[in-house]
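1. Sequence first, then the predicted structure, then my questions.
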Amino acid sequence: MSTPPLAGAGMPPGAFSGTQAQAAREVNTASLCRIGQETVQDIVFRTMEIFQLLRNMQLPNGVTYHTGTYQDRLGKLQEHLRQLSILFRKLRLVYDKCNENCAGLDPVPIEQLIPYVEEDGSKHDDRSAASQLRFATEERREIMEVNKKLKQKNQQLKQIMDQLRNLIWDINAMLAMRN
């Protein structure tokens, strides 16, 4: 196990022109996306700093103001804007490189990229979904009809029970009068 010597350790800087230089030039798309994400985060951070500077900066509108402080804050603001411009250029380069890497790829529908498990193991299409909806609607309608009939039968049974209760009451009253 030998470790390669460092570039500054007596070797010229271009001594590693083999596979390492080629690997440095060819960055995969996932790495580019990560770099792009970090760049966007830096842009957001710099923009927040710019707004913070602008909020704290008082405009010289005739009020006595320290020009040194104003010049210092103006310099910071210009530096942040310059860095923001550099970050946007970097993001454009990353975007262009990602588009270049993905130019030969066939577009894949998003639905195919999301894995999901179904009960029968096959994928649903529009016809099966429509038939399931139709079946569910028909089943619901049947349940509503059965519930309606059940309520009617319950009402009839209640009336019969009330009639029987009244009949038994009358019979008991007659028997009590006879004794």
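-> Structure received. The shown structure was predicted, so the numbers you read here are calculated from the model rather than taken from an experiment. Numbers count the residues shown, from 1 in each chain.
2. List the contacts of R73.
-> R73 is in contact with L53, N56, M57, counting by C-beta atoms under 8 Å, 6 or more residues apart in numbering. Placement of C-beta: from N, CA and C, glycine included.
3. Can you name the helix or strand that the closest residue to the first one other than its chain neighbours falls in?
-> Read it as L53. Spatially, and ignoring its direct neighbours in sequence, L53 is nearest to L77 (5.1 Å; C-beta to C-beta, 6 or more residues apart in numbering). Using DSSP states H and E, L77 maps to helix 67-101.
4. What part of the protein, helix or strand, is modelled with the least confidence?
-> Ranking every helix and strand in the chain by mean pLDDT, DSSP states H and E puts helix 19-25 at the bottom, with a mean of 49.
5. residue ranges with poor pLDDT in this structure?
-> Low-confidence segments of the chain, defined by pLDDT under 70: 1-26, 58-65, 117-126.
6. in it, which residue is closest to the centre?
-> I114 (13.0 Å; C-alpha atoms, centre = their mean).
7. And that one, how far from V108?
-> Counting by C-beta to C-beta, to the nearest Å, the gap from I114 to V108 is 11 Å.
8. Over to A176?
-> 89 Å.
9. returning to that earlier point: quick one: which of the contacts of R73 is most hemmed in?
-> Neighbour tally across these (other C-beta atoms under 10 Å): the maximum, 16 neighbours, falls on L53.
10. wait, the residue nearest to L53 sits on L54?
-> Yes. Using C-beta atoms under 8 Å, L77 is in contact with L54, at 7.2 Å.
11. between the two, who's got more neighbours?
-> Ranked by neighbour count (other C-beta under 10 Å), L77 and L54 place L77 first, with 15 against 12.
12. K90: what's it in contact with?
-> Neighbouring residues of K90 by C-beta under 8 Å, 6+ apart: T39.
13. phi, psi of L105?
-> L105 adopts backbone torsions of phi -80, psi 140, taken as degrees, to the nearest 10.
14. Neighbours of it, how many?
-> Residues contacting L105 under the criterion other C-beta under 10 Å number 8.
15. same deal with S131?
-> Using other C-beta under 10 Å, the number of residues around S131 comes to 10.
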